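**Student:** Mind folding the following:
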Amino acid sequence: MTDSLVIIPSYNELENIEDIIVAVFNLPKEFHVLVVDDNSPDGTAEAVRAIQNKYEGKLFLEVRTEKAGLGTAYIHGFKWALKREYLYIFEMDADFSHRPSDLTRLYRACVNGADVTVGSRYKKGVNVVNWPLYRVLLSYGASFYVKIITGMRVHDPTAGFVCYKRHVLEALDLDAVKFIGYAFQIEMKYRAHLMKFKIEEVSIIFTDREKGKSKMSSSIIWEAIFGVISMRIRSLFKINGF
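**Tutor:** A predicted model of the protein is given here:
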């Protein structure tokens with residue numbers, strides 16, 4: 001039994017899902033993998049089931065009835081993990097934008113004292129590959145905006161490559177988490193920040209997906225822009241579990 005679980009949310013990731021799972025299982029350190037699939041019409045869940053016997057007791061699949069958002073997929077995964085004995089719970093994308101080999105670096109940072117470790121694109125300059133300039137500027141600008149509004153000293157608050165120690169997720173009110181898009185990543189870090197957990201960033205190289213389609217949309221961007229302000233207000237007045 002390993003102490004670490006990697007949660008991978010998926011929707012139409014047939015081109016990537018088997019390769020990313022195999023890459024995680026090929027690491028020197030043992031990780032278990034939980035795929036939370038939103039009933040992908042392209043057969044992503046079927047591809048996971050096809051290799052579960054090969055990784056029996058290590059690879060798990062939860063299929064939800066519909067596409068319900070990144071945030072709710074992770075909350076589903078967190079609750080699943082907390083019913084078991086994992087001590088370190090990871091978020092990671094299915095599309096290889098996060099290098100599986102960096103999981104061990106996030107793990108070591110948590111073992112060495114951090115409560116939350118963030119795979120950061122912006123801790124040391126801008127470490128993003130294959131993004132158009134407008135998207136780099138949008139992401140970097142959003143990170144600066146979040147720091148100003150929330151007061152968090154996290155260079156990459158929108159990052160989706162994260163390790164949480166078990167006690168952090170146990171302490172947070174997961175049912176009170178409001179956002180379902182990429183603002184979910186900000187809210188989780190902000191709630192951990194307010195509870196005085198130690199958040200440490202590990203510099204990574206982020207590479208845009210080569211296969212499949214991005215899930216980014218204008219509604220996700222607007223949720224992040226306006227959501228950060230509402231989140232800050234709610235935290236000041238202790239609303240919605242803050």
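
**Student:** how about low-confidence regions in this protein?
**Tutor:** Within the chain, the ranges that satisfy pLDDT under 70 run 212-224.

**Student:** repeat that with 90
**Tutor:** For the chain, the stretches flagged by pLDDT under 90 are 1, 68-69, 124-144, 178-183, 208-242.

**Student:** Residue 3 and residue 21: what is the separation?
**Tutor:** 19 Å (C-beta to C-beta, to the nearest Å). For every residue, glycine as well, the C-beta is placed using N, CA and C.

**Student:** Pick out whichever of the two has more residues nearby.
**Tutor:** residue 21 (24 against 16; other C-beta atoms under 10 Å).

**Student:** Who are the contact partners of that one?
**Tutor:** If a contact means C-beta atoms under 8 Å, 6 or more residues apart in numbering, then residue 21 has 8, 33, 35, 48, 51, 55, 59 as its contacts.

**Student:** and the spatially closest residue to the fifth one that is not a sequence neighbour, how many neighbours does it have?
**Tutor:** Meaning residue 51. Spatially, and ignoring its direct neighbours in sequence, residue 51 is nearest to residue 18 (6.2 Å; C-beta to C-beta, 6 or more residues apart in numbering). Applying other C-beta under 10 Å, we find 15 residues neighbouring residue 18.

**Student:** Kindly confirm my reading that residue 18 is in a helix.
**Tutor:** Yes - Residue 18 forms part of a helix when assessed by DSSP: H, G, I helix; E, B strand; the rest coil.

**Student:** residues in contact with it?
**Tutor:** Neighbour list for residue 18: 47-48, 50-51 [criterion: C-beta under 8 Å, 6+ apart].

**Student:** From residue 29, how far out is it?
**Tutor:** 20 Å.

**Student:** and the end-to-end length of stretch 43-62?
**Tutor:** In stretch 43-62, first residue to last residue: 14 Å (C-alpha to C-alpha, to the nearest Å).

**Student:** now stretch 168-186, how far from the chain's geometric center?
**Tutor:** Here the centre of stretch 168-186 is set off from its chain's centre by 11 Å, with C-alpha atoms, centre = their mean, to the nearest Å.

**Student:** buried residues in it?
**Tutor:** 168-169, 172, 174, 177-186 (16 or more other C-beta atoms under 10 Å).

**Student:** before we move on, what about stretch 7-16?
**Tutor:** Buried-residue list, stretch 7-16, by 16+ other C-beta under 10 Å: 7-16.

**Student:** Repeat that for stretch 59-68.
**Tutor:** 59-64, 67-68.

**Student:** again with stretch 67-84
**Tutor:** Here stretch 67-84 shows 67-78, 80-81 as buried, counting by 16+ other C-beta under 10 Å.

**Student:** so where do the strands sit in the chain?
**Tutor:** 4-10, 32-37, 59-63, 88-91, 116-120, 128-129, 162-165, 199-203, 206-207 (DSSP state E).

**Student:** In TSV, list those along with distance to residue 43.
**Tutor:** What follows is the strands of the chain, written out as TSV (distance: least, C-beta to C-beta, whole Å):
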stretch	distance to residue 43
strand 4-10	11
strand 32-37	10
strand 59-63	12
strand 88-91	24
strand 116-120	29
strand 128-129	29
strand 162-165	28
strand 199-203	34
strand 206-207	25
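
**Student:** how about those strands, which one is nearest residue 241?
**Tutor:** Set against residue 241 and scored by C-beta to C-beta, those come closest in strand 162-165, at 16.9 Å.
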